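**Q** okay, here's the prediction I keep looking at, along with the sequence it came from:
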Amino acid sequence: MQRSIEEITAELIRLPRRERLEIARFLLLLDNRSSDSTSVSSEWEQEIRDRVHAVEDGTAVGIDYEKAIKQITNRFA
């Protein structure tokens, strides 16, 4: 049985931040595998590294989960 995007998302949200960032990195690399995206890929790599460091250093600014979901729902409604 195939799981829904909502089920997968709910499972991913429960992962530690570091693991979620690694999954994001993998997905971005997967989407940018073409030879035309070399510079874009390296820029994303740097962005991901910067974000991982910010999370590890405690300097990343986050928002409450419920607030984030509300903003996403409002944006895509």
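**A** That came in fine, so what should we check first?

**Q** now the biggest helix by length in the chain: buried residues?
**A** In the chain, with assignment by DSSP state H, the single longest helix is helix 38-57. Buried residues in helix 38-57, counting neighbours by 16 or more other Cβ atoms under 10 Å, are found at S41, W44, I48, V52, V55. All C-beta spots, glycine's among them, are computed from the backbone N, C-alpha and C.

**Q** average pLDDT across the helix or strand just after it?
**A** As assigned by DSSP states H and E, the chain's next helix or strand after helix 38-57 is helix 65-76. Mean per-residue pLDDT for helix 65-76: 89.

**Q** okay if I get the buried residues of helix 38-57 as JSON lines plus distance to Q71?
**A** Putting the buried residues of helix 38-57 into JSON lines (distance: Cβ to Cβ, whole Å) gives the following:
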{"residue": "S41", "distance to Q71": "28"}
{"residue": "W44", "distance to Q71": "23"}
{"residue": "I48", "distance to Q71": "22"}
{"residue": "V52", "distance to Q71": "23"}
{"residue": "V55", "distance to Q71": "20"}
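
**Q** I am finished for the moment; much appreciated.
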